[in-house]
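Enquirer: Could you look at this predicted model? Sequence included:
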Amino acid sequence: MRRPAFFEAPCLALLLVVLSTGGCTRSEPAQPNLLLIVVDTLRADHLGGYGYPLATSPAIDTLAEQGVLFEQAIAPAPWTRPSAATLLTGLLPETLGLTCASHNLPREGCDVLPAGALTLAERLAAAGYDTAAVVANIQVDSLFGFAQGYDEFASVFPDLTHDMQARADWSSFEWEDTTTRDVTDRARAWLAERGRARSPFFLYLHYLDPHEPYTPPAEHARLFTAADYDSPYPEVRRELPLYDGEIHYVDSAVGRVLDSLAAAGLDDNTIVLLTSDHGEAFGEHGALDRRHGLTLFDDQLHVPLIMRAPGRLKAGVRVTAQVRLVDVLPSLLELMGLESGGMLQGHSLLELARGGADPKLDAVAAWGYRPLSALRTPPWKLIVDHRTGRTSLYNLAADPLEQHDIARGQGALTLLLRDRMQRRLDESRKLREALVATAGEQRDSAPRDNAPLPLSDRQREALRALGYLDNGEQ
Ligand SMILES: [Zn+2]
């Protein structure tokens with residue numbers, strides 16, 4: 001039976017090129033595909049690959065064994081929007097102007113990713129990639145400028161009726177988070193269709209779990225019990241097994257997506273990068289230190305970073321040096337053989353991944369819901385609370401849980417580090433000016449007045465369900 005001419009013509013043309021390498025079957029894209037998986041609110045130290053003693057993450061651990069695991073990856077902010085923006089642009093929140101430290105309604109100029117910022121999706125679209133995203137956190141929705149550069153962009157928000165029930169009754173294990181299932185199903189269907197595509201793809205999946213409310217499906221919840229956890233706070237002992245159950249749930253979803261990638265014959269030519277936007281606190285610094293956004297301790301800044309690139313990166317590599325989410329985009333561009341033009345603040349990590357020396361990158365974090373900033377330069381971690389003026393210093397080598405503030409006994413070092421942190425923040429402020437200037441006439445990129453953007457009822461409810469809009473805003 002003759003095949004339609006539609007399939008035949010490119011095959012004949014290709015034959016001239018690939019005759020010596022074995023004939024004309026399917027045109028394998030020369031460029032690697034990219035699958036970026038962000039698992040919201042995922043502490044690195046709750047994954048097996050990062051030494052966690054409980055079996056939360058079999059699929060993610062396998063992924064790590066097949067690629068490179070960065071042991072010390074640091075987020076630039078303790079909550080979603082600024083951190084995800086950095087991951088997706090290679091620019092720090094200060095540079096992007098994402099500096100509103102509040103839960104207010106979105107305002108252009110301080111809450112919204114500027115149109116003038118060049119996103120990973122825009123870069124890849126310009127390089128001929130098909131680009132798609134499925135996101136379950138409204139913080140990375142089109143509402144906040146995150147749909148730039150995608151051919152297809154889908155937001156799947158929680159089923160709010162269920163969500164409200166879950167908040168009222170933490171023991172309602174039967175509730176199933178529909179977003180994790182939705183992201184997975186959409187991703188699998190999308191990947192199944194890609195086997196026939198000729199251009200390379202970029203697919204960005206943003207899972208909302210294990211963000212609160214901690215409501216894993218029963219089969220995942222029952223794997224973890226309070227007896228396995230040690231905390232002085234009863235509510236934390238109740239929450240930790242549920243948080244781990246959610247990790248196990250998302251891990252199984254990630255495993256299913258990776259299975260679909262393999263089933264479509266795409267895993268050999270697809271770079272998979274898995275990370276998170278921030279961690280989560282469980283009372284490590286007092287009874288009130290829970291959730292995320294309010295402090296800059298490592299429980300909120302230390303995130304997993306795993307990169308699998310068959311034929312491009314060795315398997316089973318562990319990088320001990322500190323790296324940052326701002327380094328991810330330049331690393332991917334180099335790995336994909338693409339131009340790293342435009343403004344970038346990170347450094348490619350490929351040399352490190354291939355055994356190179358520690359470049360000793362300073363990590364700066366800020367922009368929580370409180371005016372805080374931090375400099376992490378191992379072994380030192382400096383945290384400044386701009387509201388109280390308190391400066392804290394920790395020696396991460398001797399005190400990885402940041403329990404002993406040594407700033408008083410280390411006055412000179414504290415001042416030195418504070419100055420260094422300020423210089424890093426000032427660098428971003430200068431770049432911010434350049435970004436605004438570059439954006440020029442682009443209507444949405446320059447800082448505007450801080451008038452709230454209009455929200456649909458669905459967007460407003462999605463924000464409220466995540467604990468936003470709790471400050472009296474309408
Ligand atoms: Zn988040």
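Expert: Yes, it's here.
Enquirer: now the closest residue to residue 347 other than its chain neighbours: how far from residue 77?
Expert: Take residue 347 and drop its neighbours on the chain: the residue closest to it by CB to CB, 6 or more residues apart in numbering is residue 327, 5.4 Å away. For every residue, glycine as well, the C-beta is placed using N, CA and C. The gap separating residue 327 from residue 77 is 15 Å, by CB to CB, to the nearest Å.
Enquirer: okay, the two: which has more neighbours?
Expert: Neighbours of residue 327 and residue 77, each counted by other CB atoms under 10 Å, are more numerous for residue 77; the result is 31 against 28.
Enquirer: if we can go back for a sec, thought the residue nearest to residue 347 was touching residue 346?
Expert: Yes - with contact defined as CB atoms under 8 Å, residue 327 reaches residue 346; the gap is 3.8 Å.
Enquirer: which secondary structure elements does whichever strand or helix holds residue 154 contact?
Expert: Using DSSP states H and E, residue 154 sits in strand 152-155. If you count contacts as 3 or more CB pairs under 8 Å, 6 or more residues apart in numbering; DSSP states H and E, strand 152-155 packs onto strand 130-135.
Enquirer: Please enumerate residues in contact with the strand it packs on?
Expert: Residues external to strand 130-135 that are found in contact with it (CB atoms under 8 Å, 6 or more residues apart in numbering): 121, 124-125, 141, 146-147, 149-156, 182-183, 186-187, 190, 197, 199-206.
Enquirer: Try it again at 6 Å.
Expert: Defining contact as CB atoms under 6 Å, 6 or more residues apart in numbering, one finds that strand 130-135 is touched by 121, 124-125, 149-155, 183, 186-187, 199, 201-206.
Enquirer: Next step: those restricted to helices.
Expert: Secondary-structure check on those using DSSP state H: residues within helices are 121, 124-125, 183, 186-187.
Enquirer: Which of the helices or strands spans the closest residue to residue 337 other than its chain neighbours?
Expert: Excluding the flanking residues, the one nearest residue 337 by CB to CB, 6+ apart is residue 31, at 7.4 Å. Using DSSP H and E, residue 31 is not contained in any helix or strand.
Enquirer: how deep is residue 31 tucked in, by neighbour count?
Expert: Taking other CB under 10 Å as the neighbour definition, residue 31 ends up with a count of 16.
Enquirer: isn't it right next to residue 201, touching?
Expert: No - counting by CB atoms under 6 Å, no contact exists between residue 31 and residue 201, whose distance comes to 9.5 Å.
Enquirer: measure the closest residue to the ion within the chain to residue 57 for me?
Expert: For the chain, the residue closest to the ion is residue 80, as judged by CB to the ion, at 3.1 Å. As judged by CB to CB, residue 80 and residue 57 stand 21 Å apart.
Enquirer: Check residue 282 too.
Expert: 17 Å.
Enquirer: More neighbours: these two, which one.
Expert: Residue environment comparison for residue 282 versus residue 57 gives the larger neighbour count to residue 57, 27 against 20, counting by other CB under 10 Å.
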